[in-house]
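Need a 3D model of the sequence below.
(2 chains)
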Amino acid sequence: MARVNDEVEALLLEYADLIAITGGDAFRQRAYERAARGVRGHPEDVSRLDAADLRAVPGVGRSMADKIEEYLRTGRIAALDRARAAVPQGVRRLMAVPGLGPKKAMALYRERGIASVDQLAEAIARDGLKGLAGFGPGTVRGILRGVETLRSAGGRLLLDAATGLADEAVAAVSAAPGCERCAFAGSLRRMRETVGHIDVLAAARDPEPLIAAFTAMPSAAETAGRGPAEASVRTADGFGIDLCVLPPEAWGAGLLHRTGSRAHHARLRALAADAGLRLSWDGLFDAAGGDRVAAGTEEEVYARLGLPWIAPPLREDRGEVEAALRGAPHRPVTVEDIRGDLHTHTDLTDGLASLPDMVAAGAARGYSYYAVTDHAPMLRMQRMTEEKILAQRERLRALAGRHRGLALLHGTELNIGPDGGVDWPDAFLAGFDVCVASVHSHFGLDRAAQTRRLIAACENPYVDIIGHLTTRKIGRREGIDVDLDAVFAACARTGTAVEVNGHPNRLDLRDEHVLLARRHGVRFAVDSDAHSTGELGTMRWGVGTAQRGWLTTEDVINTWPLSRLGRFLRAPGRAPLGRARPGA
DNA sequence: GCCGTTTTCGGCCCGACTGTTTTCAGTCG
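Prediction:
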């Protein structure tokens, strides 16, 4: 793990789980979970904070600050070590299975000695849970489904964790003497939703110091392989990172080769062959004479093949080469194109940061508009009321003009009920600038019912954006069963945008669904769904997914100027954007 | 364990869903 915050988050979550497993105070457990989220969402590295600043992190008080300091000083937390001694590691890992909580995990261990996911799967296969109290046939079926979901993500990292590791490796190698260039490549550079291993590429005359720096970095728990110009390491969790060092003149060809995808690179090789050239990992060569004709940069190689540079998320052989050959190269939306975030939370509901802090963080990102969209009352645990959200609106209006050039939009994230209804009547919804509507319950409805409810939500004139439409959580929960064609057709017909949620656990819609929706003529909002100031940065993964889905600025409403966005958000009785808002 | 314009104690994330233990515990959002 690269960022100290990630390490601390993991330790606090582990402690919270151990409290739950051993039947400790539920409020204490939640305090640790909350602090873990606070640390995760904190934009600064906790190792650089003094005691007072540490306690300013949401959810961190004296006891947590002491534990974090103890970890930073000694690399251990004594209280956590004691808790670990009481519960076998595998029991905690069982809790990663959807449907298995602390109680059932502990019961499996106590009654059947099961202490790993593999042992659990094996026990189910030989009917070994029979007779165990609380584990009837329905429960066992559910657990088995959970094991399959978990295994579907098996051993792969989410984009935030993979990016953290890759950044650490690139920083370590870049600092080595003689390193001319260094970057990560592979599926991470293409922004696939999960990453099986990380490819790091570097350019240098002498690979040795780079390899030494790479194998010595803190995350490299063991060196799995080593050659004259490459090395492989594994993290403590067994995740693999490869380094390949190239001569500087081969940098572009090497980066192209290592970035892939295999299918895209094969397409380029075929194109080269047609032109009497040969493309390999170290350059583009004249097939007859053997002279290297391009290799220094990706742009040079593409240009020699008659193509413009193609953004890595597009390199999946989904027509990107043909489009470029036709003279209509695809220009995907970029992070720099994003003018605002239309789905964010504050501590009024389940966010961690205050309204002024979230707004300030949005301003710091250079946005021209920023929407606050806290949860609505149907999500009971959030205890939202009309009074609370109206008071928030007043506080938001009072912040207008505080940040030059930033228009503040007041919104909400509505819940789509099983029948497609949402939390508030039209008259109240008309008071919001923007409404996101999302499914948060009744995941088990059948396909027809899910499709009906989503179409009904689209038809609500105040619903502007459908949030995280399939509700999948990578490795935790399959998405709902829904007729996406029918829903996207309804979105296009009603002018309802679909969200590309950038949270690395969600990435919902996923790239294939984005492609499908785009074919229906749907508009999109790429959002962070941030619950802390740091999480506003998840926008980058949303944009990566949008790029993989071939979205352009024309498709994405939050790349548009405020005036055009305002026309899109128009609804009966709703004040036009910019008029009701000083500072807009 | 955290937190505070109802403060230094006593609250804090409530309720639906599911399966099964036939009166409710466990899990989840």
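
ok, which residues in the stretch 251-400 of chain A are in contact with DNA strand B?
Within the stretch 251-400 of chain A, the positions lying close to DNA strand B (CB under 7 Å from any atom of the strand) are A:350, A:379-383. C-betas here are computed from N, CA, C, even on glycine.

May I see these arranged in JSON lines, with distance to residue A:428 and secondary structure as well?
Shown next, in JSON lines, are those (distance: CB to CB, whole Å; DSSP: H, G, I helix; E, B strand; the rest coil):
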{"residue": "A:350", "distance to residue A:428": "21", "secondary structure": "coil"}
{"residue": "A:379", "distance to residue A:428": "16", "secondary structure": "coil"}
{"residue": "A:380", "distance to residue A:428": "18", "secondary structure": "helix"}
{"residue": "A:381", "distance to residue A:428": "21", "secondary structure": "helix"}
{"residue": "A:382", "distance to residue A:428": "17", "secondary structure": "helix"}
{"residue": "A:383", "distance to residue A:428": "17", "secondary structure": "coil"}
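
and residue A:279, helix, strand or coil?
What DSSP: H, G, I helix; E, B strand; the rest coil gives for residue A:279 is strand.

The nearest residue to it once chain neighbours are set aside: what's it in contact with?
The shortest distance from residue A:279 to any non-neighbouring residue, by CB to CB, 6 or more residues apart in numbering, is to residue A:272 (4.1 Å). Counting by CB atoms under 8 Å, 6 or more residues apart in numbering, residue A:272 makes contact with A:278-279, A:284, A:305.

Which two among these are spaced furthest apart?
Distance extremes for the contacts of residue A:272: the farthest pair is A:278 and A:305 at 11.7 Å, using CB to CB.

any common contacting residues for those two?
Both residue A:278 and residue A:305 are in contact with A:272, A:284, where contact means CB under 8 Å, 6+ apart.

more crowded one of the two?
Relative neighbour count places residue A:305 above the other of residue A:278 and residue A:305, with 21 against 16, counting by other CB atoms under 10 Å.

Just give the nearest non-adjacent residue to that one, would you?
Once flanking residues are discounted, residue A:305 sits nearest to residue A:271: 5.2 Å by CB to CB, 6+ apart.

which element is that neighbour on?
helix A:262-274 (DSSP states H and E).

Please apply the same query to residue A:224.
Assigned by DSSP H and E, residue A:224 falls within strand A:222-226.

Is it correct that residue A:370 is in contact with residue A:341?
Yes - the pair residue A:370 / residue A:341 is scored as a contact, 5.8 Å apart, by CB atoms under 8 Å.

The two: which is more packed in?
In this view residue A:370 and residue A:341 are compared by other CB under 10 Å, and residue A:341 has more residues nearby, 29 against 25.

can I assume that one is in contact with residue A:530?
Yes - if you go by CB under 8 Å, residue A:341 and residue A:530 touch, sitting 7.0 Å apart.

which residues do the two both contact?
By CB under 8 Å, 6+ apart, the residues touching both residue A:341 and residue A:530 are residue A:536.

all helices for the stretch 251-400 of chain A, in order.
Here the stretch 251-400 of chain A has its helices, by DSSP state H, counting those that start in this stretch, at A:251-259, A:262-274, A:298-304, A:320-325, A:355-364, A:386-399.

ok, back up a step: partner strands of whichever helix or strand comes after the strand holding residue A:224, parallel or antiparallel?
The first helix or strand that comes after strand A:222-226 along the chain, using DSSP H and E, is strand A:230-234. Sheet pairing of strand A:230-234 (DSSP bridges) gives strand A:222-226 (antiparallel), strand A:240-246 (antiparallel).

Highest mean neighbour count across those, which stretch is it?
Among the strands paired with strand A:230-234, strand A:240-246 has the highest mean neighbour count (mean count of other CB atoms under 10 Å), at a mean of 23.

orientation of it relative to helix A:251-259 in degrees?
Counting by axes from the mean of the first three to the mean of the last three CA atoms, to 10 degrees, strand A:240-246 lies at 160 degrees to helix A:251-259.

contact partners of strand A:240-246?
With contact meaning CB under 8 Å, 6+ apart, strand A:240-246 is reached by A:165-166, A:169, A:173, A:197-204, A:207, A:210-211, A:214, A:219-220, A:224, A:229-235, A:254, A:258, A:282.

List only those of these flagged as buried.
With burial judged by 16 or more other CB atoms under 10 Å, the buried subset of the contacts of strand A:240-246 is A:165-166, A:169, A:173, A:197-204, A:207, A:210-211, A:214, A:219-220, A:229-235, A:254, A:258, A:282.

so which strand or helix has the spatially most central residue of chain A?
Nearest residue to the geometric centre of chain A (CA atoms, centre = their mean): residue A:504, 1.4 Å. Residue A:504 belongs to no helix or strand when assigned by DSSP H and E.

quick revisit: switch the residues of the stretch 251-400 of chain A next to DNA strand B over to TSV; also include neighbour count and pLDDT.
Formatted as TSV, those follow (neighbours: other CB atoms under 10 Å; pLDDT from 0 to 100):
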residue	neighbour count	pLDDT
A:350	15	88
A:379	19	86
A:380	10	79
A:381	8	74
A:382	18	78
A:383	11	81
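
Of those residues, which pair is most distant in space?
It's A:350 and A:380 that sit farthest apart of these, by CB to CB, at 12.2 Å.

Over to residue A:128. Which of the three states is it?
At residue A:128 the chain is in coil, as set by three-state DSSP.

who's in contact with it?
Taking CB under 8 Å, 6+ apart, we find residue A:128 in contact with A:112, A:122.

Kindly list the main-chain dihedrals of it?
With angles defined as degrees, to the nearest 10, residue A:128 sits at phi -80, psi 0.

how much space between it and residue A:304?
The gap separating residue A:128 from residue A:304 is 62 Å, by CB to CB, to the nearest Å.

same check, this time on residue A:142
Residue A:142 is 56 Å from residue A:304, where distance means CB to CB.

Which residue is the nearest non-sequential neighbour of residue A:238?
Nearest one to residue A:238, counting by CB to CB, 6+ apart, is residue A:155 at 7.5 Å.

Check residue A:476 too.
Using CB to CB, 6+ apart, the closest residue to residue A:476 is residue A:98 (5.5 Å).

I'd like to know how many residues surround the one you found.
Applying other CB under 10 Å, we find 19 residues neighbouring residue A:98.

And the pLDDT for it?
pLDDT recorded at residue A:98 is 84.

I'd say it and residue A:150 touch.
Yes - taking CB under 8 Å as the definition, residue A:98 is a contact partner of residue A:150 at 6.9 Å.

Turn the residues of the stretch 251-400 of chain A next to DNA strand B into TSV, columns for distance to residue A:365.
Below are those laid out as TSV (distance: CB to CB, whole Å):
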residue	distance to residue A:365
A:350	21
A:379	27
A:380	32
A:381	29
A:382	25
A:383	29
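
Please identify which of those residues is nearest to DNA strand B.
Comparing those against DNA strand B with CB to the nearest atom of the strand places residue A:381 closest, at 2.8 Å.

follow-up on the earlier one: how about the strands paired with strand A:230-234 in a markdown table, adding mean pLDDT?
What follows is the strands paired with strand A:230-234, written out as a markdown table (pLDDT from 0 to 100):
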| stretch | mean pLDDT |
| --- | --- |
| strand A:222-226 | 91 |
| strand A:240-246 | 96 |
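
Quick check: which of these is nearest to residue A:363?
Comparing these by CB to CB, strand A:240-246 comes nearest, at 36.1 Å.

Since that was my last question, I'll sign off now.
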